[in-house]
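S.K.: How does the following fold in three dimensions:
(one chain, ligands or ions: 4)
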Amino acid sequence: MTDRILILDFGSQVTQLIARRVREAGVYCEILPFNAAPERIRSFKPKGVILSGGPASIYEGHAPKAPKEAFELGTPVLGICYGEQAICEQLGGKVEAGEAREFGRALLEIKEPCALFEGLWRPGEKHQVWMSHGDKVVKLPPGFRTVAVSENAPFAAIADDERRMYGVQFHPEVVHTPDGARLIRNFVRQVVGAEGDWTMAAFRQQAVEAIRRQVGKGRVICGLSGGVDSSVAAVLIHEAIGDQLTCIFVDHGLLRQGEAEQVVELFRGHYNIPLVHRDASHLFLGELALTEEPELKRKTIGRLFIDVFEEEARKIGGADFLAQGTLYPDVIESVSFTGGPSVTIKSHHNVGGLPERMRMKLVEPLRELFKDEVRELGRELGLPERMVRRHPFPGPGLAIRVLGSITKEKLDILRKADAIFLQEIENAGLYDAIWQAFAVLLPVRTVGVMGDARTYDQVCALRAVTSTDGMTADFFPFPMDFLGRVSTRIVNEVRGINRVVYDVTSKPPGTIEWE
Ligand SMILES: Nc1ncnc2c1ncn2[C@@H]1O[C@H](COP(=O)(O)OP(=O)(O)OP(=O)(O)O)[C@@H](O)[C@H]1O
Ligand SMILES: O=c1[nH]c(=O)c2[nH+]cn([C@@H]3O[C@H](COP(=O)(O)O)[C@@H](O)[C@H]3O)c2[nH]1
Ligand SMILES: NC(=O)CC[C@H](N)C(=O)O
Ligand SMILES: [Mg+2]
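M.R.: Ligands and ions are numbered 1, 2, ... in the order given. This is a model prediction of the structure:
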């Protein structure tokens, strides 16, 4: 078994980033809530433990505590922010509310050598780190020494070399701590001594064996969208079980220009995987004609996907398993310690309702991976670069980008504008710098003048964002002349649009899609 690191989550906004840094160091890790059952923690057999940050104050009565297993397993421990405070409070030191809080950039002064700093930082040096805390450690537990300080944190980094326990008040997992990734790497590779054998080649082998064990002689269907996740899942599963897999690509009439042909051609051209191409556009567009409200659109589409999958599964004599491209961020969402029911912003069309009705078991080979790891696995599996680098595209497709009521005519207008925008992005060499880019058709008409004549046509909004996982995002800062060029082309070439605007909202407060 590959070496594993356990991250215990106290509810920090950036716990996922700790996991990413550990994986980037070539070491497998998982996140469990701080109150995971002791049995679960033991059976995970971690070689090292990381305690995350969190919003609570450790000295308050109900504040979450690190499970005693974290300290009793005898493996190295790294506490980050709240994690450091938990180590101190629970092992005999003391934490109090600080007078001065530290948020943002801070200068760390290295006082003593430490295994975490090996090859990185030396005593006497000062380095930039990122802080986000109000509480502070005021007394160290026995056995610990201070290895670095900052203006407001006299115990900014602490070490107990004997027990191999370390704590940092700053956040090494965020990019604003420039050396942070190497610090985490030092912890998992040098201090813990993990092998660094978590590679996509190793994952591929293990995943193939696991799929064979799970599926046996059963039949599997996989909804294939042409997106990265479902394509990688399909190719991986096919490698494992060959013809027991059938892929179903649904053309719901809400795809982008030329997309259906491209997906089918690219897939059939490269793979000998049975692929059903179902044109269900009449069904989807027919039902959506009655719908304007975003949530209703999403729910209608989700239901129709299920109907179509059921029909197609029946045609091939039934299926025992449904394959999905669920990723690790989806999984963490549901285990993370956030407390309280969260509100539904959007019902992401999800095939999750499918298995219950169809009594199929799920095959989710990507549920341990982040998006960039899925792309890497895709390359490892030899998927064409065109598939691997594709921007995400939502299951409900253009239905949530034609705002309000949907007609075939509006979809055609949007498709043209969207294609121009994407083409210009490719031409400018910007495609890979962007997480997702698309056009939105607004249900608003404005007055314009073209060739001395009055126009009264629709507005098109352009959206392009950077992101690492779609959970938070920033608008992409195009040069103005680029936006001008796209705008001119769209208004000139697309009948029905006479005005173009660019969306400069980040997420939050916006979301990526407009509906
Ligand atoms: N047109 C479609 N036909 C069949 N299945 C689809 C279609 N659109 C979406 N799905 C199914 O819904 C799942 C979720 O869609 P989602 O967009 O999150 O993933 P993806 O399309 O595989 O990858 P990406 O996030 O890169 O677009 C897909 O993995 C796929 O199984
Ligand atoms: O498969 C999907 N089914 C959906 O119903 C859906 N809604 C949004 N998205 C995609 O998810 C990411 C975040 O989108 P939002 O910021 O709009 O919530 C972005 O990448 C969106 O494109 C979806 N993907
Ligand atoms: N980011 C954190 O982990 C903060 C820890 C604690 N809530 C503090 O304010 O000090
Ligand atoms: Mg998709």
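S.K.: Just the mean pLDDT for the lengthiest strand in the chain, thanks.
M.R.: For the chain, the strand with the greatest residue count under DSSP state E is strand 94-110. For strand 94-110, mean pLDDT is 91.
S.K.: Next SSE downstream of the helix-or-strand element of the chain with minimal mean pLDDT?
M.R.: Lowest by mean pLDDT, DSSP states H and E among the helices and strands of the chain is helix 354-358, with a mean of 59. Where DSSP states H and E defines the elements, the next helix or strand beyond helix 354-358 is strand 361-363.
S.K.: can I assume T146 sits in a strand?
M.R.: Yes: applying DSSP: H, G, I helix; E, B strand; the rest coil, one finds T146 inside a strand.
S.K.: what's across from it in the sheet?
M.R.: Using DSSP bridges, the bridge partners assigned to T146 are I158.
S.K.: okay, now it: neighbour count?
M.R.: The local packing of T146 (other Cβ atoms under 10 Å) involves 17 other residues. In this view, the C-beta of every residue, glycine as well, is placed from N, C-alpha and C.
S.K.: give the contact list for it.
M.R.: 111-112, 140, 154-158 (Cβ atoms under 8 Å, 6 or more residues apart in numbering).
S.K.: Might you enumerate the residues of the stretch 51-200 of the chain proximal to ligand 1?
M.R.: Among all residues of the stretch 51-200 of the chain, none is adjacent to ligand 1 (criterion: Cβ under 6 Å from any ligand atom).
S.K.: who in the stretch 51-200 of the chain is up against ligand 3?
M.R.: Residues of the stretch 51-200 of the chain lying near ligand 3 (Cβ under 6 Å from any ligand atom): 53-57, 81-82, 132-135.
S.K.: With distance to F267, secondary structure and neighbour count as extra columns, can I get the residues you listed in CSV?
M.R.: As requested, these are exported to CSV (distance: Cβ to Cβ, whole Å; DSSP: H, G, I helix; E, B strand; the rest coil; neighbours: other Cβ atoms under 10 Å):
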residue, distance to F267, secondary structure, neighbour count
G53, 43, coil, 25
G54, 44, coil, 24
P55, 45, coil, 14
A56, 49, coil, 19
S57, 53, coil, 16
C81, 46, coil, 25
Y82, 47, helix, 28
S132, 45, strand, 20
H133, 50, strand, 22
G134, 53, strand, 13
D135, 54, strand, 21
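S.K.: so, in contact with ligand 1 or not, the helix ranked longest in the chain?
M.R.: Secondary structure of the chain per DSSP state H: the longest helix is helix 294-315. No: Helix 294-315 lies apart from ligand 1 when judged by Cβ under 6 Å from any ligand atom; the minimum separation is 6.7 Å.
S.K.: All further residue positions should be reported with the first residue as 25.
M.R.: In the new numbering, first residue 25, that becomes helix 318-339.
S.K.: Could you see whether ligand 4 lies near that helix?
M.R.: No: Helix 318-339 lies out of reach of ligand 4 by Cβ under 5 Å from the ion, never closer than 12.0 Å.
S.K.: Direction included, what does the helix or strand that that helix is followed by pair up with?
M.R.: The helix or strand immediately downstream of helix 318-339 is strand 345-347, counting by DSSP H and E. Note on strand 345-347: by DSSP bridges, its sheet partners are strand 244-247 (parallel), strand 385-387 (parallel).
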